[in-house]
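dropping the sequence and predicted coords here.
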There are 4 protein chains.
Amino acid sequence: MSTKALPDPSRRSETARRAILTAALDLVAEVGYAKLSIEGIAKAAGVGKQTIYRWWPSKGVLLFDAFLGLAGDGDAAALSDTGDLAADLKLVLRATVEELNDPRFDLPMRALHTEIVHDPALAADYAKRLDEPMRELKKDRLRAAQRAGQLAEDVDLDVAVDLLFGPILNRWLQRTGPLTPEYAERVVDTALRGLRPREP
Amino acid sequence: MSTKALPDPSRRSETARRAILTAALDLVAEVGYAKLSIEGIAKAAGVGKQTIYRWWPSKGVLLFDAFLGLAGDGDAAALSDTGDLAADLKLVLRATVEELNDPRFDLPMRALHTEIVHDPALAADYAKRLDEPMRELKKDRLRAAQRAGQLAEDVDLDVAVDLLFGPILNRWLQRTGPLTPEYAERVVDTALRGLRPREP
Amino acid sequence: MSTKALPDPSRRSETARRAILTAALDLVAEVGYAKLSIEGIAKAAGVGKQTIYRWWPSKGVLLFDAFLGLAGDGDAAALSDTGDLAADLKLVLRATVEELNDPRFDLPMRALHTEIVHDPALAADYAKRLDEPMRELKKDRLRAAQRAGQLAEDVDLDVAVDLLFGPILNRWLQRTGPLTPEYAERVVDTALRGLRPREP
Amino acid sequence: MSTKALPDPSRRSETARRAILTAALDLVAEVGYAKLSIEGIAKAAGVGKQTIYRWWPSKGVLLFDAFLGLAGDGDAAALSDTGDLAADLKLVLRATVEELNDPRFDLPMRALHTEIVHDPALAADYAKRLDEPMRELKKDRLRAAQRAGQLAEDVDLDVAVDLLFGPILNRWLQRTGPLTPEYAERVVDTALRGLRPREP
DNA sequence: TTGTAACCGAGACGGTACGTCTTGTCTTAGA
DNA sequence: TCTAAGACAAGACGTACCGTCTCGGTTACAA
C-alpha cells in the first residue's frame, strides 16, 4: 500500500554506485566530516544529486556503505591463534590502534561513529553488519582460550570483548589520552590479570 | 598584534547568557543535535545571533558550556568508600548507567560527544574540565583500595578506570547492546577478577 | 547534413499521438502554462517521455499542434455575408470575444501566444498555418464589401484586419480593460467611421 | 494578524537592489526569458538568492520592476502637439516602432508581456503603473485634437487609442508581419479616415 | 551630566547546502 | 524495431542557516 514508488534496483548503474562510494570516502578524508556535503560528493563523482538521493536515505547510510566496502576487503580472517592468548590479543589490539591512528581510516570512521551516535537505526545496522561479525571472531578466539585453560570458564565473553576493546575505542573517540601500542598492551595485561591483588 | 577586538566580559549580560544556555539544552533535547542551529537558539533565547557569536566560538563549545552548567550542580562529591570496593564501584557504575539512560542527559551528552569526536580542541577542553576531575575522583577511590589491599599495587590506575568505564561508555555511544545495571555489575566483577582462570 | 537519425513517421502510433495532444491541452488548462511539464504530459498520456521528445522538438510546437487540432475542427467556414458589413463584422468580433473569454480556449491560447512571443520559428509557423488562412477569410469578406461599395477602394486590407482585430487581441492578452461584446461593437463602429469628424 | 514576517524596507541595500535589476535586464536580453533564472540573476548581481526572494515575490514582478526603471527615465513627456494630428500620431507611432525594433527594449519587453499574459495580478499592476499613465498622455493629445476639430466629438478615446496602438503591438508580439514605420503611417491614415468610403 | 563606548535585540547581507523537481539523453524489457 | 518505463547527469527551484555586518536602543563608566 506504499504510495512511494521505489526505484528498481535491477536498473541501477554500478558505475555510478562505485563512483559515489569512492568519492564519499575521498571527500570525507579530504575535507572532514563536518564539511562533507551530498552536493560535493555528487560533483566529485560526476553524478546527479538525485542519483544519490534515489539510493541512499541519508548521508550516514551512504557513509556506512562506503565504509563497508573499505573494511570488507580484508576483514574476514579469524584472529591469529598461536596458543599464547596474551600475545595474540596484543597483536590484534596493536593492529587496531595502528588502524585508528591511520588518517586513511580515522576520518571516515569518526564520521561513521558520529552518525551512529545519533541514528539508532544506523547503529542497529552497524551492530549487525560490522560489529557482530567481528565480535564473533574475537569471541571465537576467546572460546579457544577457554578450551586451552587460558581463560576462566565462567567469563561472559561479550563483557570480555568489551573490556579489551572498549578502552581503546573510547580513548580514540574521546582523545582522553594518547592511543599507543603500549597502552594497548597494558590494557591486555590488566584485563587478563584483573585489578585485584594476586592471592598470596 | 591581534586585530580582533575582544569583547569585555564585565559588560556581559548574565540574562542573555543564561537564556542562551537554557535554550541550547532545551533545543538539543527537542529537535536533536543534527537540527540544532545557532539561529534557532538565538530565536528561542530571544537574543540576537551576534550575542552568541560574540561569546562562543562554536556550537560545540556552547553546548559544552551548557552541559557544564547541567552537570556541575551535584558532581563535586567524592566516590563513596564503604570499604567494599566492588560494591562501591557497582554503585557508581549503576548510577552512570542510569544517567546515560535518562533522556534529560542522553541527548545533550550525545551531542557533546559528537562535537568532541570531530573537534580536538574541544576534546582537550573536555578532557581537562570534565573528564580529568572526575577521573581523579575515581583514581582516589582506587588508590584507597590499593592502600586497603583490595587492588593490586602495580596496576596503572588510568588503565583501571578505562577498563571499568570504557565498556559502559562504548555501549552507550554505539548501542552495541542494552545498557543495564546488570551489565555494569558484570563489568565490575570481570574487571576485578580478570579474565584468566584462578590459579588452582 | 544532420547526424540525428530521424524517426520513421510510418511507424508512429496514432493512439499515442492523440493521447499526448489531448493530455497537453487538458494539462495546460488545468495547471497553467508555467507549470506545464513534458514529464506531466507523458504521465497523463500514459506515454514514455521519449515518445514526446521523438516527435516534437519543443513544448511550444507540441502545444501548437495540440491547438491546431482544437481549432481546426470548425473553423474552415467563411465569414457570414448578409450584405450588412457592420453587422457581419460585429458578429464575428463578438464571437471572437466570446471564444477568448471561454476558459476552454483562453488558457491554451495564452500558452500558445507566449511561445509565439519568444519563438520566431513558431511565430512563422503560426502565421502560415493559422493566422494567414483566417486572415484570408476576413479579407475575402472585406473585398466583398469593397465590391458592394461599403468599404473604401484604396484601403489596405491587412491594415483593415489589424484595425479590427488588433484591439481585441491586445485587450485580451494584456488585460488592459474588460473584453466585452460592447467593446467589440464600438471597435467596429469606430474603425468603419474613422476618427476624423464627418465633413459638414 | 499576518504570520509572515515582512522585511524592513528601511534597511534595504540600494546597491543590491540596483545590481539585481541591472543584472535581470542584462540577462534577459542575453539568454532570453525561458532561460532566465533567479540563480543566474543572483550570481550575475553578486548577491545571495535570498536577497532576491526577500524583496520580490516572483520573477515576473522583478522583471517588471527592472523594466520600470528602464522605461521610467525619459517617459513622462507629453506627446508633441504641432497642430497636425496625423503628423503627431505618425511621429509617436514611428518612435514606438523603433523602440520595439531595438533589441535593447525588445527582449525584456517580450519577457514582461509573457508574464503579463499569464499573471493577472501583474497585468493589473502593469495596467496601472505603465499602461494607464501613457494612455492618458495619448488621450490628452486626442482631446486637444477634438477641441481643434480634428477628431470626432463622439469618439471613445480608449477605443481610439486601441485602434492606433493595438495593431502595432500585435504585429510586434505575434510577428504576423514586418513592423516598419510605413506600416505605422498606414495605420494612422486608415484609422483617421475610417474604412468606409467617403460620401460622394 | 553628558558623552561615548560597549553590549543588546534585530535582522539584512553574500553565501553554501539542502532535498525536490524538471530537463533532455540513454538504457532496458517486452510486444 | 518501436514502445513504456525509468535511471541517468545536470542544474534551477525555494528554504534554512551560516557567520559577518549594520542599525537603533539601552546601560554604565568617564569626563
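Yep, that arrived. Numbering: from 1, shown residues only, chains lettered A, B, ... in the order given.

so what's whatever residue of chain A ends up closest to chain D up against?
Going by Cβ to the nearest Cβ, chain D is nearest to A:Glu39 of chain A, at 13.8 Å. In this view, the C-beta of every residue, glycine as well, is placed from N, C-alpha and C. For A:Glu39, the contacting residues are A:Lys49, by Cβ atoms under 8 Å, 6 or more residues apart in numbering or on different chains.

tell me which residues in the helix or strand hosting it are buried?
Assessed by DSSP states H and E, A:Glu39 sits inside helix A:38-45. Within helix A:38-45, the residues that count as buried by 16 or more other Cβ atoms under 10 Å in any protein chain shown are A:38, A:40-42, A:44-45.

then stretch A:138-157?
A:138-139, A:141-142, A:144-146, A:150-152, A:155, A:157.

export it to CSV, keeping only CA atoms.
Output of stretch A:138-157 as CSV, limited to C-alpha atoms (Å, rounded to 0.1, in the frame of the first residue of the first chain):
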residue,chain,number,x,y,z
LYS,A,138,37.0,-12.2,18.8
LYS,A,139,34.8,-14.5,20.8
ASP,A,140,35.9,-17.5,18.8
ARG,A,141,39.5,-16.8,19.9
LEU,A,142,38.4,-16.4,23.5
ARG,A,143,36.5,-19.6,23.4
ALA,A,144,39.6,-21.4,22.1
ALA,A,145,41.5,-19.8,25.0
GLN,A,146,38.8,-21.2,27.4
ARG,A,147,39.3,-24.7,25.9
ALA,A,148,43.0,-24.3,26.4
GLY,A,149,42.6,-23.3,30.0
GLN,A,150,43.9,-19.8,29.4
LEU,A,151,40.6,-18.0,30.1
ALA,A,152,38.2,-18.6,33.0
GLU,A,153,35.3,-20.8,32.2
ASP,A,154,32.6,-18.6,33.6
VAL,A,155,33.6,-15.3,32.0
ASP,A,156,30.9,-13.6,29.9
LEU,A,157,32.6,-13.4,26.5
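
check whether that stretch contacts chain B.
Yes. For stretch A:138-157, a contact with chain B is found by Cβ under 8 Å from any Cβ of the partner chain, at A:149-153, A:155-156.

include pLDDT when you put the residues you listed into TSV, please.
Output for the residues of stretch A:138-157 next to chain B, formatted as TSV (pLDDT from 0 to 100):
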residue	pLDDT
A:Gly149	93
A:Gln150	94
A:Leu151	94
A:Ala152	93
A:Glu153	92
A:Val155	94
A:Asp156	95
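
now, which of those sits nearest A:Thr82?
Distance ranking of those against A:Thr82, using Cβ to Cβ, places A:Gln150 first at 11.5 Å.

identify the residues contacting that closest one.
By Cβ under 8 Å, 6+ apart, the residues touching A:Gln150 are A:85, B:196-197.

quick check: phi and psi on the nearest residue to A:Pro120 once chain neighbours are set aside?
Nearest residue to A:Pro120 in three dimensions, chain neighbours excluded: B:Arg175, at 6.4 Å (Cβ to Cβ, 6 or more residues apart in numbering or on different chains). The phi/psi pair for B:Arg175 (degrees, to the nearest 10) reads phi 50, psi 40.

number of nearby residues for B:Arg175?
19 (other Cβ atoms under 10 Å in any protein chain shown).

these two touch, right, it and A:His118?
No. Using Cβ atoms under 8 Å, B:Arg175 is not in contact with A:His118; the gap is 10.8 Å.

which secondary structure element contains A:Ala66?
Here A:Ala66 is assigned to helix A:59-72, by DSSP H and E.

just how off-centre is that helix within its chain?
Computed by Cα atoms, centre = their mean, to the nearest Å, the chain-centroid distance of helix A:59-72 equals 10 Å.

list the buried residues for that helix?
By 16+ other Cβ under 10 Å, the buried positions in helix A:59-72 come out as A:59-68, A:70-71.

buried stuff in whichever helix or strand comes after that helix?
Tracing the chain past helix A:59-72, the next element assigned as helix or strand by DSSP H and E is helix A:85-101. For helix A:85-101, the neighbour count (16+ other Cβ under 10 Å) marks A:85-86, A:88-94, A:96-97, A:100 as buried.

cool, stretch A:50-57 as well?
In terms of neighbour count (16+ other Cβ under 10 Å), stretch A:50-57 has its buried residues at A:51-52, A:55-56.

tell me where chain A has helices.
Here chain A has its helices, by DSSP state H, at A:14-31, A:38-45, A:49-55, A:59-72, A:85-101, A:103-118, A:120-126, A:132-147, A:157-174, A:181-193.

ignoring the adjacent residues along the chain, who's closest to the residue in chain A positioned nearest to DNA strand F?
The nearest approach of chain A to DNA strand F comes at A:Gly48, 2.8 Å away (Cβ to the nearest atom of the strand). Of all residues not flanking A:Gly48 in the chain, A:Ala42 sits nearest, at 6.5 Å (Cβ to Cβ, 6+ apart).
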